[in-house]
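In: Could you work out the structure for the sequence below:
(one chain, ligands or ions: 1)
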Amino acid sequence: MTAYDLLSLNVVCLAGGVGGAKLADGLARVLPPENLTVIVNTGDDFRHLGLTICPDLDTVMYTLGGVANPETGWGRAGESWRTMGEVGRLGGPDWFNLGDLDLATHLTRTDGLDAGETLTAVTRRLCAGFGISPAVLPMSDQPAPTLIETMTGEILPFQVWFVRERWQPAVRRVVLPEDARATTAVIRALEAADVVIIAPSNPFVSIEPILNVYPIRALLEDVPRAVVAVSPIIAGQAVKGPAAKMMSEMGMEPSAAAVAACYGHLIDGFVYDSRDTGMTAEDGLALLCADTLMTGAAERERLAREVLAFAGNLVG
Ligand code: FO1
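Out: This is a model prediction of the structure:
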């Protein structure tokens with residue numbers, strides 16, 4: 001495929017938090033906006049201080065909008081914390097940090113949802129406010145909360161485990177809802193996709209919650225679409241967050257090869273990092289070795305181009 005042909009591919013990116021947002025941003029720098037849809041995990045969403053918080057949608061939105069906090073990856077750049085400070089002083093729950101600018105997003109979203117808008121519609125409106133052109137879609141319009149079962153048998157809401165407990169309680173399994181349904185927008189985007197890119201997000205708490213939403217997994221299994229995943233594990237370690245720790249706790253070796261095995265026959269191609277060695281092709285899985293550490297905008301764009309060229313060759 002020529003570089004020109006690659007730009008005419010319809011691309012869907014499945015994304016969780018920071019890693020997903022970075023690759024989505026790289027893709028947005030390369031593709032015409034009408035050819036890119038980002039489907040985002042909403043399993044992390046929760047109600048807090050009376051507000052609906054959608055951390056992964058916001059991380060993707062702030063990153064594509066160029067307003068993300070570069071140090072944390074989540075939240076807004078140039079943030080102030082006066083409201084949160086006062087919540088803490090008044091004895092309110094201050095374990096989940098909501099900055100003053102970030103609060104504007106949660107207030108606007110919650111107000112829209114309370115007025116009967118869908119999450120898809122309110123996300124479109126928020127994206128317009130941040131000048132974002134590609135479609136950013138929540139995986140579902142209904143709540144589809146991810147739960148964490150710890151080794152002690154305790155079941156924790158995702159953000160309680162992730163932020164309040166700093167992902168320290170060892171994980172026995174991730175519990176996903178059985179009745180989650182995709183939106184019409186998500187189904188249409190996947191039906192029209194030539195290529196689906198699974199971003200370097202946590203396979204268990206970012207990507208699996210998306211695949212678990214009916215009928216997303218079945219749509220990915222449809223042969224004409226090429227499905228390519230990018231490893232979030234480099235040399236046995238997660239670039240960010242608990243993926244490697246979870247793999248060890250759930251009885252897997254923390255490695256790029258184990259991530260590829262988790263996705264199994266769902267993927268046609270797998271991108272692993274150049275710092276990894278010993279990855280060998282199995283069962284006809286195509287492999288690409290690339291520098292996957294997206295340290296800046298130029299690296300995001302370069303990785304996006306390499307992944308697109310790789311995926312373009314796999315389109316059936
Ligand atoms: N992550 C943290 O580790 N600590 C926080 O206080 C925190 C606040 C927060 C506020 C808004 C938001 O959109 C995300 C926030 N995150 C925070 C990140 C977040 O909850 C996780 O990184 C994701 O859910 C995992 O992808």
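In: Would you pull up the residue in the stretch 151-300 of the chain closest to the ligand?
Out: Val163 (4.3 Å; CB to the nearest ligand atom). Every C-beta, even on glycine, is put in place using the N, C-alpha and C of the backbone.
In: Roughly how far does that residue sit from Arg29?
Out: Using CB to CB, to the nearest Å, one gets 30 Å for the distance from Val163 to Arg29.
In: Then Asp5?
Out: In terms of CB to CB, Asp5 sits 18 Å off from Arg29.
In: try Pro254
Out: 30 Å.
In: Those two: who's more crowded?
Out: Neighbours around Pro254 and Arg29, counted as other CB atoms under 10 Å, are more numerous at Pro254. The numbers are 18 against 15.
In: My guess is the more buried one contacts Pro242. True?
Out: No. If you go by CB atoms under 8 Å, Pro254 and Pro242 don't touch, sitting 10.5 Å apart.
In: ok, now which ones touch Tyr272?
Out: 231, 256-257, 260, 279, 287-290, 292 (CB atoms under 8 Å, 6 or more residues apart in numbering).
In: Give the helix, strand or coil label for it.
Out: strand (DSSP: H, G, I helix; E, B strand; the rest coil).
In: ditto for Val307
Out: Val307 - assigned by three-state DSSP - is helix.
In: okay but it is in contact with Asp291, surely?
Out: No. Look at Val307 against Asp291 with CB under 8 Å: they stay out of range, at 11.6 Å.
In: which SS state does His106 fall under?
Out: Assignment for His106 (three-state DSSP): helix.
In: pLDDT wise, what is the nearest residue to it once chain neighbours are set aside at?
Out: Closest residue to His106 apart from its sequence neighbours, by CB to CB, 6 or more residues apart in numbering: Leu51 at 4.1 Å. Here, the pLDDT recorded for Leu51 equals 98.
In: any chance you could read off phi and psi for Leu51?
Out: Dihedral pair for Leu51: phi -120, psi 150, per degrees, to the nearest 10.
In: For beta bridges, what are the partners of it?
Out: His48 (DSSP bridges).
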